[in-house]
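Q: After the sequence you'll find the predicted model.
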There are 2 protein chains.
Amino acid sequence: MKNGPSSSTRTVGHARATTMKDIARALGLSQSTVSRVLSGAPSVVPIAAETRERVLVEARRRAYRPNPLASGLRGARTRLLGAIMGEILGPFAAGAMDAITAEANALGYNTVLGNAHGQADEAMAIRTVLETRHCDAILLIGDTRDQPRLLEDLRNTALPLVALWQGVALDGISTVNVDNRLGATCVLEHLGGLGHRQVGFVGIANRQGDINQRKLAYRAFMRKIGEEVRDGFIEEVVHHPAGGAEAAHRMLRLPERPTAIFCASDVLAIGALHAAQNLGLRVPGDVSIVGFDDISFAAYTVPALTTIHMPMAEMVRLAVQEALRPDVGDAVKNFSLLPALVIRQSSGRVPAQRRAPAAHRSIGSSRPGLSR
Amino acid sequence: MKNGPSSSTRTVGHARATTMKDIARALGLSQSTVSRVLSGAPSVVPIAAETRERVLVEARRRAYRPNPLASGLRGARTRLLGAIMGEILGPFAAGAMDAITAEANALGYNTVLGNAHGQADEAMAIRTVLETRHCDAILLIGDTRDQPRLLEDLRNTALPLVALWQGVALDGISTVNVDNRLGATCVLEHLGGLGHRQVGFVGIANRQGDINQRKLAYRAFMRKIGEEVRDGFIEEVVHHPAGGAEAAHRMLRLPERPTAIFCASDVLAIGALHAAQNLGLRVPGDVSIVGFDDISFAAYTVPALTTIHMPMAEMVRLAVQEALRPDVGDAVKNFSLLPALVIRQSSGRVPAQRRAPAAHRSIGSSRPGLSR
DNA sequence: CTGAAAGCGCTAACAC
DNA sequence: GTGTTAGCGCTTTCAG
């Protein structure tokens, strides 16, 4: 279904943009003088205040915009921030990209996108966005540990490089992470405090970074409360509500099902919530379900999701500034930000008939691991 | 909380990329010959098959990558697709961006992002992404009718320009839309068929395009079934689950509340679902709630959301190809794609005690408007 | 068929 | 302080 072209030939014209040369000619100056005042370089060489003013005025009048292609060619900055997205998708990525472009814009940068998920795109992503596109810096977003070539290529680069939500420190690359272990421990202790001992974990297959940290925290928690992880209590699926739903479905039909499920992301938790209620189980009456990330939907699921809040804005600001700041030394830095437990309605006391003997109950009641 | 830099100075080196000059020198040819072979231009001037071959081989061997800055400067294509995002956000936008970058990549293009939402970014977005960045084409994504300057500026451009999800035809600009009226009519007829006559509408404030079309379809439906739109039955809020929740909350506490609510997007519907159940109402037992878009979460809400499926992939493919295809004439085209009704669990028969007299009931039972 | 040369808009020595 | 002069890597006349 496609309406026929409604004619109308596009206006071509589009008067050529003003160049420095134009300004120079108009003012009877040399192009390099114009360049000196316009190119920002605060005061490499002194310029007569009056000349500077004249140039500035004329530039404004003619709506001068520097041509980044030209300055880029000449070796100057391209004011382009390359963003290479790993496996993360969905609302989380959307929020992240939004924050990133906003932050980059504020610093006078644009953002080029390169997706590294999907098939053999990894090479493509890096080649195209980076080598080819001459970005001033690269942001690696999400877990990319499974793409060794990408990381390798990236490391052989003189560009500032910052990895966001990688989940772990990367050799030779600056990282900005949330403290995944701490976050996971917080929700788990919260569940423990509600009396849960049979806790399941839904993770994401093939994740070496953030999600893996959350899994490790889960294992540590189970160890700490002295419960073994039963068969079927750990599921690793695709990062999609469907994955969460399938995992939860399987887990909740186990002969001895868990009383709580810790999903490694809200996206999975949303699927789990759906599956549980499809099975006729009440949440949190029959089973508690918690997530991680605190995406915008988390407060609006039914019931509202208990989860770990990600300090998204701060993380993005930190990462972007770290990548774009010219003043940093070449040192690689690893930032780890504090997550926060958000208790909503999807977590509740363990069902009475499944409570552990009193002797064990006190273990989970210690304050959530906010110390460290 | 920030660990001290763990030292390690970044490797600088990064051997300069191969240029055409390098290849020319290595082969004892002139740079322009190399350019002729490598720049793709299929056969402007004949080139000796053997020479071409030698160049190609050497280029591959040295992993030659053209420098888009240089070709861009010289007036050639930059292979950059500019994407200017209007008000749409969240998972829908994420899915869209994903599809867009994928499609663009397939055509050898990268995507630059410019967000036009937020404060006075409109000017910024266009200036920076377009004038400044020398894209080969621009994709306008989502409703931007409220940003007159943006559209005006864009129109004064020689660039191929395609508007996606604008919701309406735009003078002088090619558009790719879903048939919003038809989609909305489908869900509404579906509700009608279930006996609903008191239907509320939750829209988004200040939207002139897609969402407005959905509202018009709502009005037309109410007219058709001979019901007046009662006070409080139309809410227009911010595009966020919170907006949907507040709107639904107000609407469902009306003295005579609607038996069904049509939300103009799934994001709003998710909020509405939450609000209804928070109020102790069963969905669809007490109230039916339907959405529009069929985002990935729609199948996993509780209960699963009845909605209108957006042919995202086709729309994106169409838009990107239309924008990037060199072979198109300058004609502006308006594509309108067919949506599909997806019936899930959030819609059901009108509650018995609120059924309309039998005489009226038959009206809604005509087949959904899938003809046309 | 191929080479020489100009120039896209800008930056950065290097002069004066 | 400001002008001159080279290019950055590439496309594109214009000559052979």
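A: Good, I have the coordinates.

Q: what comes into contact with the helix or strand that A:Ile289 is a member of?
A: For A:Ile289, the element it lies in under DSSP states H and E is strand A:288-290. Strand A:288-290 is contacted by residues A:187, A:190-191, A:194, A:196, A:248, A:259-263, A:269, A:272-273, A:276, A:283, A:305-307, A:346-348, A:350 when judged by CB atoms under 8 Å, 6 or more residues apart in numbering or on different chains. Any C-beta I mention is one placed from the backbone N, CA and C, and that applies to glycine too.

Q: Can you narrow the residues you listed down to the ones near chain B?
A: Within the set of these, contact with chain B (CB under 8 Å from any CB of the partner chain) is found for A:Leu273.

Q: still on that earlier bit, buried residues in the strand holding A:Ile289?
A: Using 16 or more other CB atoms under 10 Å in any protein chain shown as the test for burial, strand A:288-290 gives A:Ser288, A:Ile289, A:Val290.

Q: closest to A:Ala158 among those?
A: A:Val290 (43.0 Å; CB to CB).

Q: State the distance from that closest one to DNA strand C.
A: 52 Å (CB to the nearest atom of the strand, to the nearest Å).

Q: Where do the strands of chain A begin and end?
A: A:80-85, A:110-115, A:137-141, A:161-164, A:174-178, A:199-204, A:234-237, A:260-263, A:288-290, A:307-309, A:334-337, A:340-342 (DSSP state E).

Q: Adding distance to B:Lys21 and mean pLDDT as columns, could you present those in JSON lines?
A: Formatted as JSON lines, the strands of chain A follow (distance: least, CB to CB, whole Å; pLDDT from 0 to 100):
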{"stretch": "strand A:80-85", "distance to B:Lys21": "24", "mean pLDDT": "85"}
{"stretch": "strand A:110-115", "distance to B:Lys21": "26", "mean pLDDT": "79"}
{"stretch": "strand A:137-141", "distance to B:Lys21": "27", "mean pLDDT": "89"}
{"stretch": "strand A:161-164", "distance to B:Lys21": "29", "mean pLDDT": "92"}
{"stretch": "strand A:174-178", "distance to B:Lys21": "35", "mean pLDDT": "95"}
{"stretch": "strand A:199-204", "distance to B:Lys21": "47", "mean pLDDT": "98"}
{"stretch": "strand A:234-237", "distance to B:Lys21": "51", "mean pLDDT": "98"}
{"stretch": "strand A:260-263", "distance to B:Lys21": "55", "mean pLDDT": "98"}
{"stretch": "strand A:288-290", "distance to B:Lys21": "60", "mean pLDDT": "98"}
{"stretch": "strand A:307-309", "distance to B:Lys21": "54", "mean pLDDT": "98"}
{"stretch": "strand A:334-337", "distance to B:Lys21": "41", "mean pLDDT": "95"}
{"stretch": "strand A:340-342", "distance to B:Lys21": "56", "mean pLDDT": "98"}
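
Q: what's the closest of those to B:Arg74?
A: Proximity to B:Arg74, assessed across those by CB to CB, is greatest for strand A:80-85 (18.7 Å).

Q: So A:His240 is in contact with B:Phe297, correct?
A: No - applying CB atoms under 8 Å, one finds A:His240 not in contact with B:Phe297, separated by 9.8 Å.
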